[in-house]
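**Student:** quick one: sequence and predicted model below, then my questions.
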Amino acid sequence: MCSVPAGDSIGISGHSSRGVPTRAPTGQGARRRILIAFTTCLTLLWAPWEVWAQARSGPQGEQPEGRTGAAEEAAARRDPATARTRVDQRFKYRELGDDRYSAVATSRLDTTFPLPDGWLMALRFDMPLALTDRSGPDNPDGDDVLGAGDFLSQFFLIAPSPGATRRFRLGAGAQFIWPTASRDETGSGKYQVAPSAFGIYYTPGLGKGSFAGLILRDFVSYAGDEDRRDIHELSVQPALNVNLPGGWYLSSFPDIRINWKDDAKVFVPLNLEVGKFVGRDVLTSVQVDVPVVNDYDLYEWQVELRVGFYF
């Protein structure tokens, strides 16, 4: 597996374990090398799985016995309320402003378990590795440093679809962020909990498996390093996913933030993701975010590449 040091998708900072800084090329040269590494890794990961997927599919138009068409199966697996187990490798590059950057490589596991009466339990776990030149107590000169990020865990209880049309899905749960970062610059230094809820409405008129919805999370820090800032941010994510022929899809999940600890300042990005299923078991995608309202600075722009494997 390609390994790209990367920046902070979950929170910035960490606890007081001190690591030896890993030096990297600075300035624009470092950024170019990181972006080239992202693209190279996506290509190297995608190509062999494309060959493998085509080999599994058999001759053109032939489906393995007992399997549905690739487009229908892809639509079902993109459904966040029913998808089974997926392992992602995500690579995110973020411009922070003031000529600073972060990059993050995140290993992520999503899985669901059936419960009685049509209920589901959905679990998620993220472990990031961060590279950044953000300054901080560990890095007063703003050198390029490498370190582990904050571990994330999440659970959702998902209710069965009500009514005969089965077009709605509701869920509630919580996300937890643990201050496991090895450097102050790569994690938040805070234990956080985010009570969460979502609703999905399936829109077959936009394509089988397409949906619109809303995800709400309220991040609150409750313990951790007293010298780090307290956190209370509301995340509002309108969601739209449109499945297209041939295993392609378009989606938009902008992560709108309201910072209650900073006079309720608002951050609103434009978000677009383009993805494709390679066969039935591999998902590749590219996501871009650019803020349109930036009352408090999270980033100037970011891009994320993903390869996901379904089981």
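**Tutor:** Okay, I see it.
**Student:** could you list every residue that touches residue 170?
**Tutor:** For residue 170, the contact set (Cβ atoms under 8 Å, 6 or more residues apart in numbering) comprises 158-159, 197-200. Every residue, glycine included, has its C-beta placed from N, CA and C.
**Student:** can you give me the strands for this structure?
**Tutor:** Counting by DSSP state E, one finds strands in the chain at the ranges 86-97, 100-114, 120-132, 145-148, 151-158, 168-178, 190-202, 211-224, 232-243, 248-252, 256-259, 265-278, 282-294, 301-310.
**Student:** closest to residue 138 out of those strands?
**Tutor:** Nearest of the strands of the chain to residue 138, taken as Cβ to Cβ: strand 145-148 at 7.1 Å.
**Student:** then that closest one to CSV, C-alphas only?
**Tutor:** The C-alpha trace of strand 145-148 is given here as CSV (Å, rounded to 0.1, in the frame of the first residue of the first chain):
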residue,chain,number,x,y,z
VAL,A,145,6.7,17.7,11.0
LEU,A,146,5.2,14.3,10.9
GLY,A,147,3.0,12.7,13.6
ALA,A,148,0.0,10.6,14.4
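**Student:** can you give me the offset of that strand from its chain's centre?
**Tutor:** When distances are taken as Cα atoms, centre = their mean, to the nearest Å, strand 145-148 is centred 19 Å away from the chain's centroid.
**Student:** go on, stretch 140-152?
**Tutor:** Distance of stretch 140-152 from its chain centroid, counting by Cα atoms, centre = their mean, is 19 Å.
**Student:** what comes up buried for it?
**Tutor:** In terms of neighbour count (16 or more other Cβ atoms under 10 Å), stretch 140-152 has its buried residues at 142-152.
**Student:** same question, stretch 245-262
**Tutor:** For stretch 245-262, the neighbour count (16+ other Cβ under 10 Å) marks 247, 249-255, 257-259 as buried.
**Student:** same question for stretch 108-128.
**Tutor:** By 16+ other Cβ under 10 Å, the buried positions in stretch 108-128 come out as 108, 110, 112, 120, 122, 124, 126-128.
**Student:** most widely separated two among the residues you listed?
**Tutor:** The most widely separated members of these, counting by Cβ to Cβ, are 120 and 128 (26.2 Å).
**Student:** closest to residue 280 among the buried residues of stretch 108-128?
**Tutor:** Residue 280 has its nearest neighbour among these in residue 110, at 16.7 Å by Cβ to Cβ.
**Student:** which strand residues bridge that closest one?
**Tutor:** Bridge pairing for residue 110 (DSSP bridges) gives the partners residue 86, residue 124.
**Student:** quick check: bridge partners of the residue nearest to residue 206 when sequence neighbours are not counted?
**Tutor:** Among residues not flanking residue 206 along the chain, residue 242 sits closest, at 5.0 Å (Cβ to Cβ, 6 or more residues apart in numbering). Here residue 242 shows beta-bridge partners residue 250, assigned using DSSP bridges.
**Student:** can you count the residues close to residue 242?
**Tutor:** Neighbour count of residue 242, defined by other Cβ atoms under 10 Å: 16.
**Student:** may I have the residues that are in contact with it?
**Tutor:** Contact partners of residue 242, counting by Cβ under 8 Å, 6+ apart, are 206-207, 210, 249-251.
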